[in-house]
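J.: sequence and computational prediction follow.
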Amino acid sequence: MALAQVRALSFTYPDGVEPALDAVSLELEPGDVVALLGPSGSGKSTLLRALSGLVPHFHGGRFVGQVEVACRDTRLERPAELAGTVATLFQDPEDQVVLDRVEHEVAFGLENLGTPPAEILPRAHKALAAVGAQHLASRRIETLSAGELQRVCLASAFALQPQLLLLDEPTSQLDPEGAEAILDLALESGAAVVISEQRPSLPLERCERVLFVEQGRLLLDSPKAEALEWLFEHRPAYLPRQPTEAGGDPVGGEHLCGVHDVSFTYGERPVLDGASLELRRGEIVALTGPNGIGKTTLAKLVAGLLEPGSGRVERLGRAAYLSQDPGRYLVRERADEEVALAVGGDLARARRSLATVDLAGLEHRHPRDLSSGERERLALAAVLVTDPDVLVLDEPTRGIDPVRKGELARLLRADSHRRATLVVTHDLVFAGDVADRIVPLEAREPALA
Amino acid sequence: MSPGPAAALLAAVAVTALLADRTASVAVLAIVLLGVCMRAPRGRRWPYIAGALSTALMVFLVSPLVQHLGTHIIWTGPDLPVFGQLDVTAEELEVALFQAVRLAAVALAFSAYALLLDHDRLIQAAGFARRSVLAVGLATRLVPTLERDVRGLVEALRGRGVEVRGLWSRARLLSPLVANSLERGLNLAEAMEARGYGRPGRTRTPRPPWTRVDHVALAFAPALVLIGALWL
């Protein structure tokens, strides 16, 4: 008996013109481990939301077809009623946290399901132990790192003991080791797991079956071996591959930025201690390293957004910084005005910048009406338009599909002679593709590069 | 102290500040509450305290100009359309000081609630009113979230060479801040529903038993309101 059945499902969001899902049919068996791949905006998240009942109940829209989970029709049961059967881990952990302390947060779902009071805290602690986070039980949520927070969210899902676990790009903010740990832990739950990811090698190494969605249609539903052949033939960008080797020595010309033996402390918490870095015009440097090691802090020091506690930063020319969060580039009412903000309202220049990131034709759209992938590119255009001498990009591939990552790498490489570029990234494949030089930031050791 | 009695006590102090009619009495309450707020971590307390005190200061500065009260004129200003003759009297200053201190006391009571109470336990302790308490708890978290959002927006603007200076520039951030909050609220609501929120038959994590201090605080709260109404 299938755990979940999707029959000829078509779904259009209330404000959508094209269907987000178009005649999708599939079955999930208990214990299945499935990789869900596809471009940004292809319908992966919508499919996961349909399996949890959030589509159509939470979002509204036009729903045709049928979804059954554990023999329960999702049109007839609200997502809250499916919660013990299905659990979802969303992309941004900060947007799913309800309470202030870790053990209370994990207990929240158990309380909602009517778990006997005496069992709530023991089950919450057991779920935390299962994800290696029992030591965090009494911590305040705001003190957790991104990796710790995502573990807590996974524990919240585990605590419900679901039969179907849906992972919607849950590792996009995590370093490779943290991402692998989260996925491995999810697989240990014993539930059927559907993993949507933009770093395809992560789920492909672990799954038994692959789904590929594009423009709302399910193009592929095959066992892994067959799926790899299909991907090789039709969508090679999604094949897992090893990062290409980049050099370690500075290349390029004019010296544009030097970070010398800098230290930085947030309050009483030291983040950087004796870090050094050099950037030259014409080179792209990728800064890698685990979560919480200080990559973003170093990037902000390079861009002049922070001043070092000790040491010095030298910079020639203008610097620009692209934040991790594209939601910070939604200040104006139109896409072209948003981009023009940094160039004194020069709309012609803004439109050229939008065209370079393939957003031509969307100039008049409100930035909030853009899809998540389009928002990422809008943010990039808003920074590139300033034509900086030192360009700093902080996790520019977060939530971007492999094809777009390739395009971004080509765009950065094509313009690299004009500036020094620093890319902070967890995506080692992208780092290998784009960078002339990779600098791994390690725990408080001086003299990086 | 358990969060339920602590919330009751803070609410009683706020009500007392509203009922009391002597500036000195309300000022004492405000100073005590300020001392309580200072127990919060430095990084978290400043937006609340600065917000409470600056709003009170604004009331003190503006209200004498828009009131028409008393005869002991201290300063006479220009004659403005709509507002008429601007002047400040001793009586207006006295009333403005009282209103400002009263506002500061109420705002600091809320600040102490936001900064020092364990909202999780307050939500868990709430029985029939759990939805309302949860809504208040989430709204309370809005202040630090907004502060973090402002810093993020300003930093992103600086990252593209746009400096945010002056009141007008900052005011223009209000719209994206509100929109961000609405988006975040929708995401949170979706995640809560996916975790069974709103389903009938909810249970509660067992709460620690109340101590003697909790019982005393709960008994003292209505007494404080009575004292405020009758003697302060």
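T.: Cool, the structure landed. All figures in this text were calculated on a predicted structure; none of them were measured in a lab. Numbering: from 1, shown residues only, chains lettered A, B, ... in the order given.

J.: what's the helix or strand for residue A:273?
T.: strand A:269-280 (DSSP states H and E).

J.: in its sheet, what does that strand sit against?
T.: Partner strands and pairing direction for strand A:269-280 (DSSP bridges) are strand A:255-266 (antiparallel).

J.: who touches the partner strand?
T.: Contact partners of strand A:255-266, identified using Cβ atoms under 8 Å, 6 or more residues apart in numbering or on different chains, comprise A:270-281, A:294, A:297-298, A:301-302, A:306, A:308-317, A:319, A:389-390, A:419-420, A:422, A:446-447. C-beta here means a position set from N, CA and C on the backbone, and glycine is covered the same way.

J.: could you do stretch A:209-220 as well?
T.: A:10, A:18-26, A:32-39, A:42-44, A:46-47, A:194, A:204, A:221-224, A:227-228, A:230-231, A:234-235, A:238.

J.: now intersect the residues you listed with the strands, please.
T.: Taking DSSP state E, the ones among these that sit in strands are A:10, A:21-26, A:33-37, A:194, A:221-223.

J.: which of these lies closest to chain B?
T.: Comparing those against chain B with Cβ to the nearest Cβ picks out residue A:194 as the nearest, at 14.1 Å.

J.: which residues does that closest one contact?
T.: For residue A:194, the set of contacting residues under the criterion of Cβ under 8 Å, 6+ apart consists of A:28, A:32, A:34, A:36, A:48, A:51, A:164, A:165, A:166, A:167, A:211.

J.: and residue A:123, that one's in a helix?
T.: Yes - counting by DSSP: H, G, I helix; E, B strand; the rest coil, residue A:123 is part of a helix.

J.: check contacts around it.
T.: In this structure, residue A:123 makes contact with A:110, A:115, A:159, judged by Cβ under 8 Å, 6+ apart.

J.: what about the lengthiest helix in chain B, near chain A?
T.: Using DSSP state H to assign secondary structure, the helix with the most residues in chain B is helix B:90-116. No - against chain A, helix B:90-116 shows no contacts by Cβ under 8 Å from any Cβ of the partner chain, the least distance being 11.2 Å.

J.: find the nearest non-adjacent residue to residue 100, please.
T.: In the absence of a named chain, chain A is used. residue B:120 (5.2 Å; Cβ to Cβ, 6 or more residues apart in numbering or on different chains).

J.: wait, chain B was what I had in mind.
T.: What sits nearest to residue B:100 in space, not counting adjacent residues and going by Cβ to Cβ, 6+ apart, is residue B:60, at 3.8 Å.

J.: for the helix or strand containing the one you found, packing partners?
T.: Counting by DSSP H and E, the element that carries residue B:60 is helix B:42-66. Using 3 or more Cβ pairs under 8 Å, 6 or more residues apart in numbering or on different chains; DSSP states H and E as the contact criterion, the elements in contact with helix B:42-66 are helix B:23-37, strand B:84-89, helix B:90-116, helix B:142-159.

J.: buried residues in the last one?
T.: Taking 16 or more other Cβ atoms under 10 Å in any protein chain shown as the neighbour-count basis, helix B:142-159 is seen to contain the buried residues B:143-146, B:149-150, B:152-159.

J.: beyond the strand holding residue A:273, next helix or strand please.
T.: Moving toward the C-terminus from strand A:269-280, the next helix or strand (DSSP H and E) is strand A:284-288.

J.: which strands or helices does whichever helix or strand comes after that following strand pack on?
T.: Beyond strand A:284-288 in the direction of the C-terminus, DSSP H and E gives the next helix or strand as helix A:295-303. Using 3+ Cβ pairs under 8 Å, 6+ apart, the elements in contact with helix A:295-303 are strand A:255-266, strand A:269-280, strand A:284-288, strand A:310-315, strand A:319-322, strand A:390-394, strand A:420-424.

J.: can I get the helices and strands packed on helix B:42-66 in TSV including mean pLDDT and distance to residue A:431?
T.: Formatted as TSV, the entries for the helices and strands packed on helix B:42-66 read as follows, by pLDDT from 0 to 100; distance: least, Cβ to Cβ, whole Å:
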stretch	mean pLDDT	distance to residue A:431
helix B:23-37	93	46
strand B:84-89	81	64
helix B:90-116	92	42
helix B:142-159	86	21
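
J.: extract the residue ranges of chain B that are flagged as low pLDDT.
T.: By pLDDT under 70, the weakly predicted segments of chain B are B:127-128.

J.: so what's the nearest residue to residue B:99 once chain neighbours are set aside up against?
T.: Counting by Cβ to Cβ, 6+ apart, the nearest residue to residue B:99 once its immediate chain neighbours are dropped is residue B:59, at 5.6 Å. By Cβ under 8 Å, 6+ apart, the contact list for residue B:59 reads B:96, B:99, B:100, B:103.

J.: can you do 10 Å?
T.: With contacts taken as Cβ atoms under 10 Å, 6 or more residues apart in numbering or on different chains, residue B:59 has the following neighbours: B:96, B:97, B:99, B:100, B:101, B:102, B:103, B:104.

J.: what's the domain layout of chain A?
T.: Each domain of chain A is listed here as a residue range: A:4-238, A:255-440, per automatic domain parsing.

J.: and the residue of the stretch 151-300 of chain A that's closest to chain B?
T.: Checked against chain B (Cβ to the nearest Cβ), the nearest residue in the stretch 151-300 of chain A is residue A:267, 6.3 Å away.

J.: is it true that that residue touches residue B:42?
T.: Yes - contact status for residue A:267 versus residue B:42: in contact at 8.4 Å, counting by Cβ atoms under 10 Å.

J.: would a markdown table of the helices and strands packed on helix A:295-303 with mean neighbour count and mean pLDDT be doable?
T.: Formatted as a markdown table, these follow (neighbours: other Cβ atoms under 10 Å in any protein chain shown; pLDDT from 0 to 100):
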| stretch | mean neighbour count | mean pLDDT |
| --- | --- | --- |
| strand A:255-266 | 18 | 91 |
| strand A:269-280 | 20 | 88 |
| strand A:284-288 | 26 | 94 |
| strand A:310-315 | 15 | 92 |
| strand A:319-322 | 25 | 94 |
| strand A:390-394 | 26 | 95 |
| strand A:420-424 | 27 | 95 |
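
J.: reformat those strands as CSV; add distance to residue A:434.
T.: Rendered in CSV, the data for the helices and strands packed on helix A:295-303 read as follows (distance: least, Cβ to Cβ, whole Å):
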stretch, distance to residue A:434
strand A:255-266, 18
strand A:269-280, 14
strand A:284-288, 6
strand A:310-315, 22
strand A:319-322, 14
strand A:390-394, 9
strand A:420-424, 6
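
J.: residue B:89: which of these is closest?
T.: When the helices and strands packed on helix A:295-303 are compared for distance to residue B:89 using Cβ to Cβ, the nearest one is strand A:255-266, at 49.7 Å.

J.: buried residues in the lowest-mean-pLDDT helix or strand in chain A?
T.: Sorting the helices and strands of chain A by mean pLDDT, DSSP states H and E puts helix A:176-188 at the bottom, at a mean of 83. When burial is assessed from 16+ other Cβ under 10 Å, helix A:176-188 yields the following buried residues: A:176, A:178, A:179, A:180, A:181, A:182, A:183, A:185, A:186, A:187.

J.: quick one: check that helix for contact with chain B.
T.: No - Helix A:176-188 lies apart from chain B when judged by Cβ under 10 Å from any Cβ of the partner chain; the minimum separation is 15.7 Å.

J.: also compute the angle for that helix relative to strand A:33-37, please.
T.: Put simply, helix A:176-188 runs at 130 degrees to strand A:33-37, going by axes from the mean of the first three to the mean of the last three Cα atoms, to 10 degrees.

J.: circling back to that earlier point, show me how to select, in ChimeraX, the buried members of the contacts of stretch A:209-220.
T.: A single ChimeraX command selects the buried members of these (16+ other Cβ under 10 Å):
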select /A:10,19,20,21,22,24,26,32,33,34,35,36,37,38,39,42,43,44,46,47,194,204,221,224,227,228,231,235,238
